[in-house]
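In: Build me a model from this:
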Amino acid sequence: MSDVLVVIPAYNEEANIERVVENLRNNFPQYDYVVINDGSKDRTAEICRNKGYNMLDLPVNLGLAGGFQAGLKYAWRKGYSYAIQFDGDGQHRPEYIQPMKERMSKGYDIVIGSRFVEEKKPHSMRMLGSNLIALAIRITTGVKINDPTSGMRMFSRRMIEEFAMGLNYGPEPDTVSYLLKQGAKISEVQVQMDERIAGESYLNPFNAAKYMTKMLFSILLIQNFRKRDKKYRGHRK
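Out: Sure thing, here's the model as predicted:
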């Protein structure tokens with residue numbers, strides 16, 4: 001058994017899921033994985049069953065927060081030391097898992113696979129939203145995060161417990177901001193990401209703008225009233 005679990009939330013990813021999982025199985029067998037089929041309406045679950053993939057088959061769509069929390073509950077119960085959020089659309093590259101794990105071993109609770117540690121952000125409306133979210137996090141926590149919207153995030157055992165035992169925890173920038181306030185230590189590792197090859201992304205321009213607005217409102221206001229079931233005792237430097 002590996003000490004790293006790759007959690008792959010998948011909703012209607014029939015065009016990508018086989019390529020993603022086969023790459024992990026064939027080229028990175030040192031890592032365990034689980035596909036979280038989040039109530040897909042296409043052949044995602046069928047493909048996973050036919051191929052014998054390790055899968056949690058959710059009967060209804062819970063969204064990223066619910067699906068990822070299911071994966072973290074699995075990681076907690078199975079005793080994994082690290083869990084990494086890994087998109088089912090093929091954009092994340094598994095060769096960066098090891099550098100992220102090495103950074104995690106230096107005492108961090110969350111390590112983000114960041115596109116912008118060493119590279120500048122392109123000029124676009126989406127990157128403007130990313131900059132605004134980064135600014136909101138810095139204002140509320142004092143911590144600079146270069147790529148707050150990156151979906152490639154590794155979590156320590158303590159963070160796995162937080163997600164597994166807490167309610168309504170989604171792996172989003174507002175939750176990262178909240179955990180920073182509670183003392184979590186966060187670092188970033190430079191990565192490259194691939195473009196989606198097939199299927200449609202949820203983040204069309206309208207949904208992207210809606211997402212950014214929601215994150216800003218949550219970081220600047222809602223997180224101040226968030227309650228936790230368990231007291232996290234991490235220490236922030």
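In: which residues in this protein form helices?
Out: Counting by DSSP state H, the chain has helices at residues 17-27, 44-51, 63-78, 97-104, 125-141, 157-165, 173-181, 205-220.
In: what is the residue nearest in space to the middle of the chain paired to in the beta sheet?
Out: In the chain, the residue lying closest to the centroid (C-alpha atoms, centre = their mean) is residue 85, at 3.8 Å. Judged by DSSP bridges, the bridge partners of residue 85 are residue 7.
In: For it, give its distance to residue 66.
Out: From residue 85 over to residue 66 the distance is 14 Å, taken as C-beta to C-beta, to the nearest Å. Any C-beta I mention is one placed from the backbone N, CA and C, and that applies to glycine too.
In: again, but for residue 115
Out: Counting by C-beta to C-beta - residue 115 and residue 66 are separated by 26 Å.
In: cool, residue 160 as well?
Out: 16 Å.
In: Residue 51 too?
Out: In terms of C-beta to C-beta, residue 51 sits 24 Å off from residue 66.
In: of those two, who's got more company?
Out: Higher neighbour count among residue 51 and residue 66: residue 66, with 18 against 14, using other C-beta atoms under 10 Å.
In: check contacts around residue 140.
Out: With contact taken as C-beta atoms under 8 Å, 6 or more residues apart in numbering, residue 140 is in contact with 177, 181, 219, 220, 223.
In: ok, the first one touching residue 221?
Out: Pointing back at residue 177 there. No: Residue 177 lies out of contact with residue 221 (C-beta atoms under 8 Å); the separation is 11.3 Å.
In: Between those two, which is the more surrounded one?
Out: Each of residue 177 and residue 221 has its neighbours counted (other C-beta under 10 Å); residue 177 has more, 27 against 10.
In: pLDDT added to the contacts of residue 140, as TSV?
Out: Formatted as TSV, the contacts of residue 140 follow (pLDDT from 0 to 100):
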residue	pLDDT
177	92
181	90
219	90
220	89
223	78
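In: got JSON lines for these, with distance to residue 17 too?
Out: Below are the contacts of residue 140 laid out as JSON lines (distance: C-beta to C-beta, whole Å):
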{"residue": "177", "distance to residue 17": "31"}
{"residue": "181", "distance to residue 17": "35"}
{"residue": "219", "distance to residue 17": "32"}
{"residue": "220", "distance to residue 17": "36"}
{"residue": "223", "distance to residue 17": "33"}
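In: now, the most widely separated pair of these?
Out: Spatial extent of the contacts of residue 140 (C-beta to C-beta) is set by the pair 181 and 220 at 12.4 Å.
In: Just checking the distance from stretch 106-121 to the centre of its chain.
Out: 13 Å (C-alpha atoms, centre = their mean, to the nearest Å).
In: mind checking the end-to-end distance for that stretch?
Out: One end of stretch 106-121 sits 27 Å from the other (C-alpha to C-alpha, to the nearest Å).
In: buried sites along it?
Out: Going by neighbour count (16 or more other C-beta atoms under 10 Å), the buried part of stretch 106-121 is 108, 109, 110, 111, 112, 113, 114, 115, 116.
In: With distance to residue 186 and pLDDT added, can I get these in a markdown table?
Out: Formatted as a markdown table, the buried residues of stretch 106-121 follow (distance: C-beta to C-beta, whole Å; pLDDT from 0 to 100):
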| residue | distance to residue 186 | pLDDT |
| --- | --- | --- |
| 108 | 6 | 97 |
| 109 | 7 | 97 |
| 110 | 5 | 97 |
| 111 | 7 | 98 |
| 112 | 7 | 97 |
| 113 | 12 | 97 |
| 114 | 10 | 95 |
| 115 | 16 | 93 |
| 116 | 15 | 90 |
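In: So, low pLDDT: which residues of the protein?
Out: Regions of the chain meeting the criterion pLDDT under 70 cover residues 167-168, 196-205, 226-237.
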